[in-house]
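# Mind looking at a prediction? Sequence and model below.
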Amino acid sequence: MPAKNRIEMRTGPIVPAVMRFALPLVLSSFLQFFFNAADTVVVGRFAGSRALAAVGATGTAVMLVSTMIMGLSTGASVVVSQAYGANDKKWLHRAVHTAVPLALLSGGIATVVGLLISRPLLVLISTPPDVIEQSLLYIRIIYCGQLAMAVYNYAAAILRAVGDSKRPLIFLVISGVMNVVLNLIFVIGFHLDVVGVAAATLLSQVVSAFLTLRCLIREEGAGYQVHLKEMRFYRNELIRMLRIGIPSGLQSAMFAIPNLMIQSAVNSFGTVTVAGNTAGANIETFQYAFMGSFMTTTMTFIGQNYGARQYARIRKILWTTMLLNFAFALGVGTLMRIFSPQLLSLYNTDPAVIVAGKLRIVLVASLLCLESFMDSFSAASRGMGRSLAPMLIALIGTCLFRIVWMQTAFRMVGTIEVVYYAYPLSWILTSIMQFFLWRHVSGSIPKENEPLPEAIS
């Protein structure tokens, strides 16, 4: 990889390196959410509130499968970053050539599972009867793109793990522009409504997967170049990836259980509330562009420094990325709250829909900065190869809490406001628990020049 694309994470000032790596990643995530939002904007403005609700009603169901893939790719990212940080070319080669077939396997399984559970899942979350058939068409097409999404996520994770956050951004821009153009052509030109935006997403995912994988195949002279004939599951690397990735993936998938309950509760308030919630939640995802990027930055920087035995830098990296994460999330959340009417009107001009969406932004998006703490502590632990404990804490502090909240507080009060309160309260609880876990994990960080722990040696 050309030196200009590689960011040195193991030596030198931390803040400039973090910003150089994180900003392309932020922009990449921001554009990814923007291009995904194009689906919602186009269908909401040109196909009406019912089509918007049909797409929005599937959001949690889609995330149930896709987040499992993204969680599994975390294992590949950590192992590759540790191998690269340790400057162990054999380990790096084995890690990369295990990650790619793992992407193909996980993506294929996700596609099959998604297609099988699509209708029962939409029924389970109380999708409004007047939109369920449109929702089913949309979600089945989206599930067909899980294989391509898996390849892109794993391949991009490899590039980012070695310090290259620029080229995944370039590939995303190309596929994202294609997505927007196809949205307009399919929906406005061919009047395909939800089928059109789903097909545009599927085709753009195929393009991003192709470009990213081709990049790795053509990376001549690099220790992480992919040779198709050498792809196989190397036992030790596969075990490491699964040991980190499965808890992360399960955590993401388990999050979908309380979120399905929340989506079901939102759906029970009718099409207008579902449409407003869809628009508000879609706007909210732009904050995740910042927060998810800094989470990945934390994990990658700590992974490389852990592999390189630069233990003194680990705590500095954590506090630097955490403060930046919080500041960005707070700033974006504040702007979203101030300009919520204007932002929501981009999705739908119905005053009732705008009111419903604004409530979501006020009670959820403007408080999303609270999640930055739990994300940062969790990412730091995973960067050091610890993934099971952060998952268990997240399941208790977030998933279990939300389930109990929906079964108690919501059933007693029954308002949409109580539904939204589940988010910030769970972030606060989980952040406190992740902090105490990090105190325990960081206590095991060895002094400089001590041998690597068994977990990554």
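Looks like it arrived, so ask away. Numbering: from 1, shown residues only.

# Not counting sequence-adjacent ones, nearest residue to residue 324?
Nearest residue to residue 324 in three dimensions, chain neighbours excluded: residue 294, at 6.0 Å (C-beta to C-beta, 6 or more residues apart in numbering). Every C-beta, even on glycine, is put in place using the N, C-alpha and C of the backbone.

# Surely that neighbour is in contact with residue 323?
No: here residue 294 lies out of contact with residue 323, judged by C-beta atoms under 8 Å, at a distance of 9.7 Å.

# More neighbours: those two, which one.
residue 294 (29 against 14; other C-beta atoms under 10 Å).

# OK, contacts around that one?
22, 26, 321-322, 324-325, 328, 372, 375-376 (C-beta atoms under 8 Å, 6 or more residues apart in numbering).

# Kindly indicate which of the residues you listed lies nearest residue 314.
Nearest to residue 314 among the contacts of residue 294: residue 321, at 11.1 Å, using C-beta to C-beta.

# hmm, back to that, from the contacts of residue 294, which ones fall inside helices?
22, 26, 321-322, 324-325, 328, 372, 375-376 (DSSP state H).

# Below-threshold pLDDT in the stretch 301-450 of the chain: ranges please.
Regions of the stretch 301-450 of the chain meeting the criterion pLDDT under 70 cover residues 446-450.

# mind checking the backbone torsions on residue 364?
phi -120, psi -60 (degrees, to the nearest 10).

# Report the separation between it and residue 421.
9 Å (C-beta to C-beta, to the nearest Å).

# Looking at these two, which has the bigger crowd around it?
residue 364 (22 against 18).

# how near is the more buried one to residue 423?
From residue 364 to residue 423 the distance is 5 Å (C-beta to C-beta).

# Residue 132 and residue 121 touch, don't they?
No: the criterion here is C-beta under 8 Å, and residue 132 misses it with residue 121 at 11.0 Å.

# is it true that residue 266 touches residue 273?
Yes: if you go by C-beta under 8 Å, residue 266 and residue 273 touch, sitting 6.2 Å apart.

# ok, back up a step: Serialize the ones in helices among the contacts of residue 294 to JSON lines and add fields for distance to residue 77 and neighbour count.
Listed next are the ones in helices among the contacts of residue 294 as JSON lines, based on distance: C-beta to C-beta, whole Å; neighbours: other C-beta atoms under 10 Å:
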{"residue": "22", "distance to residue 77": "15", "neighbour count": "26"}
{"residue": "26", "distance to residue 77": "17", "neighbour count": "23"}
{"residue": "321", "distance to residue 77": "15", "neighbour count": "30"}
{"residue": "322", "distance to residue 77": "19", "neighbour count": "20"}
{"residue": "324", "distance to residue 77": "19", "neighbour count": "22"}
{"residue": "325", "distance to residue 77": "18", "neighbour count": "26"}
{"residue": "328", "distance to residue 77": "21", "neighbour count": "20"}
{"residue": "372", "distance to residue 77": "19", "neighbour count": "26"}
{"residue": "375", "distance to residue 77": "15", "neighbour count": "27"}
{"residue": "376", "distance to residue 77": "16", "neighbour count": "29"}
